[in-house]
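Colleague: Turn this into a model:
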Amino acid sequence: MKLNPLLFTVLAAAWLIGCSRAENTGNTDGIRRVERDRAKLSELASERNAVVDWTLSLPERGNGKLFSMDLTKVLVRTNGQSVGVIAQLTDLSEGGGVFIAHFDMLPFLPANGQSYFHLPLRFFLTCTDQQTESLRNSRPESGAFGMRFAVIAKIESVSRPTDAAIHVEDESTLDAKGVCVDFLRLESWTKK
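Modeller: Model (predicted):
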């Protein structure tokens, strides 16, 4: 199942509003979950020697506009290092014996700021047979972001979708392609 970019934006906005309401009413459940997710990603990244604070290196261009080359500089590491991200599994595909996991990066609260950050970034990651089987056996849970993962990946390229046959509703969407190094299923946001 492919997640429509417009639907993803609506779901992301609902998630952000929910977290904002929790913060404004003194209910810190949403913020604690964000912190737990970030801690799990950091732990997995530490085990795999991956970078999780790569977003801090992105340039400020105004209106949230980023170029493919901006993301290439921070995601395609010259030292071969992997990067970490919290993302939603949207699809698994297979072609010529190669399995690809499709992830959409979820909005997050940066470690250095108090405002929420959304980067419309999709990951297409080649997976091993074992990784594919594990993802295939994952079951969606209720809630907007039921199939959430901490993902470690070695990114090989970043580009804007160019296939004329595919109508991209959000022209700011960027695609990162690479290899899945590791992942960890995160608990559902519907659980307390």
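
Colleague: Could you give me the buried positions within the helix or strand containing Lys154?
Modeller: Element membership for Lys154, per DSSP states H and E: strand 148-159. Buried positions in strand 148-159, judged by neighbour count with 16 or more other Cβ atoms under 10 Å: 148-155, 158. In this view, the C-beta of every residue, glycine as well, is placed from N, C-alpha and C.

Colleague: Among the residues you listed, which pair sits farthest apart?
Modeller: Taking Cβ to Cβ, the two most distant members of the buried residues of strand 148-159 are Arg148 and Val158; they sit 22.1 Å apart.

Colleague: quick one on the thing from earlier: mind listing what the helix or strand following the strand holding Lys154 pairs with, with the direction of each?
Modeller: Next helix or strand after strand 148-159 toward the C-terminus (DSSP H and E): strand 174-185. For strand 174-185, the paired strands and their directions (DSSP bridges) read strand 121-127 (parallel), strand 148-159 (antiparallel).

Colleague: Give me the contacts around strand 174-185.
Modeller: 40-41, 44, 47-48, 50, 66, 68, 71, 75, 82, 101, 120-128, 131, 135, 138, 148-161 (Cβ atoms under 8 Å, 6 or more residues apart in numbering).
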